[in-house]
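Participant: Output the structure for:
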Amino acid sequence: MKKQFYILLILISISLGTLVSCNKTTSSKTIILSKASSNYVNWISKENTVILDAYTILNTDSILALADGIILTGGEDINPLLYKDSLNLNVCETINHYRDTLELKLIDYAFKNEIPLVGVCRGMQLINVATGGDLYGDIPSQLGTEVIHRNNGEVMHEIRLIEECPNIFPMGSSNFTVNSSHHQGLKDVSESIKVVAESSDGLPEAIIVDQLVHPYMVAVQFHPERLGEHHPITKRIKTSFYKAIEK
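Facilitator: Numbering: from 1, shown residues only. The predicted structure is shown next:
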């Protein structure tokens, strides 16, 4: 059933994408997911929006030409050689070289064309790597276990805001409980990035790229697509993302 869903999604996306390229209107928007799943599709879908799965479409250039917004989704570990750390190869789990290459291309396109971009988990980590930062290869062994970021699956823990960030978080609170399922995270943060939230062990949990570098590029270490459509953070990111697209 899940396989049929993705086949249907891809067929619909390609056909609609073709129509959009021939007759694109201001009301229709095309969102590129770096690797689609039903959670991301359900979260970010909106009326008159076409969702394309970059991971399954061979001609990346053709879909990027349609992109109004890009979302880098969660997934495998990033190849540590991309941030020149061969030691982290020993603590990495699955590495997907094709995906690393694909998503770096999406990030580069977003920068060059000022396309609004949201990064989730792995997506946040890759934005940091792409702009000159690096990663903890394994949080428990390299940072510690003060905060459990993963325990045979998803866990919940608190984060605190370093500064207000209305593109990600609702106003009026400085502490939030979020979901977490990762063993890697941002270590040395790129100069282009500002950390706006962290967990109590100091690990970055939300970032924004300096607006002088890009007008709207935000990312979170947790998973808004799994928090539920009515969660205030989930709603806030979606709202600000589409607002950036409409500009």
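Participant: which residue ranges form the strands in the chain?
Facilitator: 29-33, 49-53, 69-72, 117-120, 135-136, 155-161, 175-180, 185-186, 193-199, 204-209, 217-220 (DSSP state E).
Participant: could those strands go into a markdown table alongside distance to residue 82 and mean pLDDT?
Facilitator: To be clear about C-beta, it is placed using only N, CA and C from the backbone, and glycine gets the same treatment. Formatted as a markdown table, the strands of the chain follow (distance: least, Cβ to Cβ, whole Å; pLDDT from 0 to 100):
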| stretch | distance to residue 82 | mean pLDDT |
| --- | --- | --- |
| strand 29-33 | 21 | 97 |
| strand 49-53 | 23 | 97 |
| strand 69-72 | 14 | 98 |
| strand 117-120 | 15 | 98 |
| strand 135-136 | 9 | 98 |
| strand 155-161 | 26 | 98 |
| strand 175-180 | 23 | 97 |
| strand 185-186 | 14 | 98 |
| strand 193-199 | 16 | 98 |
| strand 204-209 | 18 | 98 |
| strand 217-220 | 17 | 98 |
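Participant: Of all the ones you listed, which one is nearest residue 128?
Facilitator: Each of these has some distance to residue 128 by Cβ to Cβ; the shortest is strand 185-186, at 5.0 Å.
Participant: And the contacts of that closest one?
Facilitator: In this structure, residues lying in contact with strand 185-186 by Cβ atoms under 8 Å, 6 or more residues apart in numbering are 124-125, 128, 133, 135-136, 139, 143, 149, 195, 203-204, 207, 221.
Participant: The residue nearest to residue 137 when sequence neighbours are not counted and residue 122, how far apart?
Facilitator: In this structure, residue 137 finds its nearest non-sequential neighbour in residue 88, 3.1 Å apart by Cβ to Cβ, 6 or more residues apart in numbering. According to Cβ to Cβ, to the nearest Å, residue 88 and residue 122 sit 14 Å apart.
Participant: Looking at these two, which is more packed in?
Facilitator: residue 122 (25 against 22; other Cβ atoms under 10 Å).
Participant: The more buried one against residue 74, yeah?
Facilitator: Yes - assessed by Cβ atoms under 8 Å, residue 122 is found in contact with residue 74 at 5.0 Å.
Participant: what do those two both touch?
Facilitator: residue 182.
Participant: quick one: low-confidence parts of this structure?
Facilitator: 1-26 (pLDDT under 70).
Participant: what about the helices in it?
Facilitator: Using DSSP state H, the helices of the chain run over 2-22, 38-44, 60-64, 97-113, 122-130, 139-142, 232-246.
Participant: Pick the most buried one from those helices.
Facilitator: Mean neighbours per residue, mean count of other Cβ atoms under 10 Å, is largest over the helices of the chain for helix 122-130, with a mean of 25.
Participant: Against which helices or strands is it packed?
Facilitator: Packing partners of helix 122-130 (3 or more Cβ pairs under 8 Å, 6 or more residues apart in numbering; DSSP states H and E): strand 69-72, helix 97-113, strand 117-120, strand 135-136, strand 185-186, strand 204-209, strand 217-220.
Participant: List the strands paired with the last one, with their directions.
Facilitator: Right, the one you point to is strand 217-220. Strand pairing for strand 217-220, determined by DSSP bridges: strand 117-120 (parallel), strand 204-209 (antiparallel).
Participant: Tabulate those (a markdown table), appending distance to residue 235 and mean neighbour count.
Facilitator: Formatted as a markdown table, these follow (distance: least, Cβ to Cβ, whole Å; neighbours: other Cβ atoms under 10 Å):
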| stretch | distance to residue 235 | mean neighbour count |
| --- | --- | --- |
| strand 117-120 | 13 | 26 |
| strand 204-209 | 15 | 25 |
